[in-house]
Each structure stands twice: as C-alpha cells, then as structure tokens.
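Colleague: Mind folding the following:
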Amino acid sequence: MLLLCMSSWLAYAKEYKLILKDHLFYPAEITVPANKKLRLVIENQDDTPEEFDSFDLNREKVLYPGRKSVIYIGPLSPGRYDFFGEFSPNTARGTVVATEVNDADN
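Modeller: Here you go, the predicted structure:
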C-alpha cells in the first residue's frame, strides 16, 4: 500500500535540481508552481557533508559529499520558502518561490 501511494505521489511531482558547490546553493532561488507537488534533487559537489534545512518547508536532510539527495515538498501555497545549509548557514542559503501558474503556461 505504501509503495502504491508513493508511486502515485511521484507521478505528479515535477523535478527541480539544485547544486551545492563551494558551500553555496545554485540556483539560490528557484521558482515553482504553487499548489503542486514537487521533487528537489540536490547534488552535493562539495567534499564535505551539508544538511539541507528549512523551517518554512518543514524539511531537513543530510547531503552527503559527491551524492544526490531527493526531498519531496508541496503542494505549496504562493509565497517564499527559505532554506539553508545547517553546517554553512552564512553562505549556503536559498529560496523556493511558489507562484500561481495559468493553465496556458503548462
């Protein structure tokens, strides 16, 4: 049952990519459609671990060096959702911006 629920969730999740390099997130701001489920794929290109942390998104996850990690979020109401690297909070910072999308834009 859990596998069935996850596979149906994945079918609706659009993927967005972030890179962590030199203790910075690239891009530092990503725009996503509001009210949609999404999947963040984060590639840690640093030689050290980092922890993705977001009070706004209610998510945290260790990002191991040289590996990709996946974080599922949403659906999000329109707005700005900040995130940061817990081990490098002054440099590893970013924002997810959820905006309304017209059906014609899809």
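Colleague: So the nearest residue to residue 15 once chain neighbours are set aside: helix, strand or coil?
Modeller: Nearest non-adjacent residue to residue 15, counting by CB to CB, 6 or more residues apart in numbering: residue 39, 4.7 Å away. Quick note: C-beta positions are derived from backbone N, CA and C, even for glycine. Following DSSP: H, G, I helix; E, B strand; the rest coil, residue 39 is assigned to strand.
Colleague: wouldn't residue 39 be in contact with residue 70 here?
Modeller: Yes - Residue 39 lies in contact with residue 70 (CB atoms under 8 Å); the separation is 6.0 Å.
Colleague: Those two - which one has more neighbours?
Modeller: More crowded of residue 39 and residue 70, by other CB atoms under 10 Å: residue 39, with 17 against 12.
Colleague: looking at the sheet around that one, what are its partners?
Modeller: Judged by DSSP bridges, the bridge partners of residue 39 are residue 15, residue 72.
Colleague: Tell me who's in contact with it.
Modeller: With contact set as CB atoms under 8 Å, 6 or more residues apart in numbering, residue 39 has these partners: 10, 13, 14, 15, 16, 70, 71, 72.
Colleague: filter the residues you listed to the buried ones?
Modeller: Buried residues within these, defined by neighbour count using 16 or more other CB atoms under 10 Å: 13, 16, 71.
Colleague: So which of these is the closest to residue 51?
Modeller: residue 71 (11.5 Å; CB to CB).
Colleague: any idea how far residue 15 is from the closest residue to the closest one other than its chain neighbours?
Modeller: Distances taken as CB to CB, 6+ apart place residue 40 nearest to residue 71, at 4.5 Å, with adjacent residues excluded. For residue 40, the distance to residue 15 equals 8 Å [CB to CB, to the nearest Å].
Colleague: Quick check: pLDDT value at the residue nearest to the spatial centre of the chain.
Modeller: Nearest to the mean C-alpha position of the chain, by CA atoms, centre = their mean, lies residue 40 at 3.8 Å. Note on residue 40: pLDDT of 96.
Colleague: This completes my enquiry, with thanks.
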